[in-house]
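J.: sequence isn't available, so here's the structure alone:
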């Protein structure tokens, strides 16, 4: 089941037909109250507030003429380029992540590459994906790398007393080390018993298995489709709680409850979790995917390992369990690192590097 729309702004709609020359931005998202929707929300809200550009968050660009149309993902961009609207607007396309060995991604990417002349700017969030776009033949002058942002108004660290109160409310024992994992890692939107392997749920369970032999653990899960991980934790006899927060503004309390955030993905476009954990003063351990190596300096504000390196990931978590001062140091440096990723600053880059050059045309 898809979670309800809780963006807190006007309900997402199809774009109303518009042929005027008034400068405006239409940001196309899927409208499932997920990461892409919230990215579009923050960008359109901040660009309008800071620069006065008329912005709209929509599900379709049908009927638009002479506008800036930003497709928020490859899955919106590919079908968008098959419509007549692509020829009459300035098009920005975001491709967060993807591997050409994935048949579905390969087909969508091939479609986009054959129509690359219709796209004015290709945007991505990480150096890893920027390199891929260039290797796939997209001209360097069209590629813009801007990371994701985080809302520092709602994500912030908690005091030890606040943390204790939250843990008590969620039923997390005080004598356990609480590891957080808040991203969807099962296929589909139902129970998610079939693992989405690029998200590394199998690796996550292997790391937890190694750690649970030595430490009293508790795992806090969020996001839909976590059935595979939950079954695995049951087999390991590791206690956990799974909360699906329909309101994004309730996610910060989850970070304020945990001792460490663990990411074991094989592929990512973000993830937002690395930004949100640092903004919450939570130590981060994860794989070198997406924008993670762009944000985290391993050994300073987090610890990183190669994908599928279960031993290294487990050792990193173990070092943080056994060294409270190291957790404190990571928290301190992370809170300083994350200042550059506040959404007003990131949205400003979107405006200056993506939209303003198109307005100047």
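T.: Arrived safely, thanks for sending. Computed from a prediction, not measured in an experiment: that's the story for all the values here.
J.: point out where this structure drops to low pLDDT.
T.: For the chain, the stretches with pLDDT under 70 are 1-21.
J.: redo that, cut-off 90
T.: For the chain, the stretches with pLDDT under 90 are 1-23, 31-35, 62-63, 82-86, 99-102, 188-190, 245-247, 360-361.
J.: would you map out the domains in it?
T.: 13-149+342-360, 160-340 (automatic domain parsing).
J.: need these in JSON lines (columns: mean neighbour count).
T.: In this view, the C-beta of every residue, glycine as well, is placed from N, C-alpha and C. Shown next, in JSON lines, are those (neighbours: other CB atoms under 10 Å):
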{"stretch": "domain 13-149+342-360", "mean neighbour count": "18"}
{"stretch": "domain 160-340", "mean neighbour count": "19"}
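J.: quick one: contacts for the residue nearest to residue 129 when sequence neighbours are not counted?
T.: In space, and not counting its chain neighbours, residue 129 is closest to residue 97: 5.9 Å by CB to CB, 6 or more residues apart in numbering. Residue 97 makes contact with 126, 129, 267-269, 290 under the criterion CB atoms under 8 Å, 6 or more residues apart in numbering.
J.: from these, which two are the most distant?
T.: Greatest spacing in these, by CB to CB: 126 and 267 (10.8 Å).
J.: so what's in contact with those two at the same time?
T.: With CB under 8 Å, 6+ apart as the test, residue 126 and residue 267 both reach 97, 290.
J.: if we can go back for a sec, secondary structure class for the residue nearest to residue 129?
T.: Under DSSP: H, G, I helix; E, B strand; the rest coil, residue 97 falls in the coil class.
J.: now it, what are its backbone angles?
T.: For residue 97, the backbone dihedrals are phi -160, psi 170 (criterion: degrees, to the nearest 10).
J.: for it, give its distance to residue 239.
T.: Taking CB to CB, to the nearest Å as the measure, residue 97 falls 32 Å from residue 239.
J.: one more: residue 148?
T.: Distance from residue 148 to residue 239, by CB to CB: 32 Å.
J.: could you pull out the helices for the stretch 251-361 of the chain?
T.: For the stretch 251-361 of the chain, the helices defined by DSSP state H, counting those that start in this stretch cover 251-255, 272-279, 292-295, 310-322, 324-337, 343-350, 356-360.
J.: spatially nearest residue to residue 296 (excluding sequence neighbours)?
T.: Leaving out its chain neighbours, the residue that sits closest to residue 296 by CB to CB, 6+ apart is residue 302, at 3.9 Å.
J.: for the one you found, which residues are in contact?
T.: 274, 278, 283-286, 296, 330, 334.
J.: what about it, distance to residue 287?
T.: Applying CB to CB, the value for residue 302 to residue 287 is 11 Å.
J.: circling back to that earlier point, quick one: closest of the helices of the stretch 251-361 of the chain to residue 47.
T.: helix 343-350 (5.6 Å).
J.: elements contacting that closest one?
T.: Here helix 343-350 is seen to pack against helix 35-51 when contacts are counted using 3 or more CB pairs under 8 Å, 6 or more residues apart in numbering; DSSP states H and E.
J.: between helix 272-279 and the helix it packs on, find me the angle.
T.: Computed with axes from the mean of the first three to the mean of the last three CA atoms, to 10 degrees, the direction of helix 35-51 lies at 60 degrees from that of helix 272-279.
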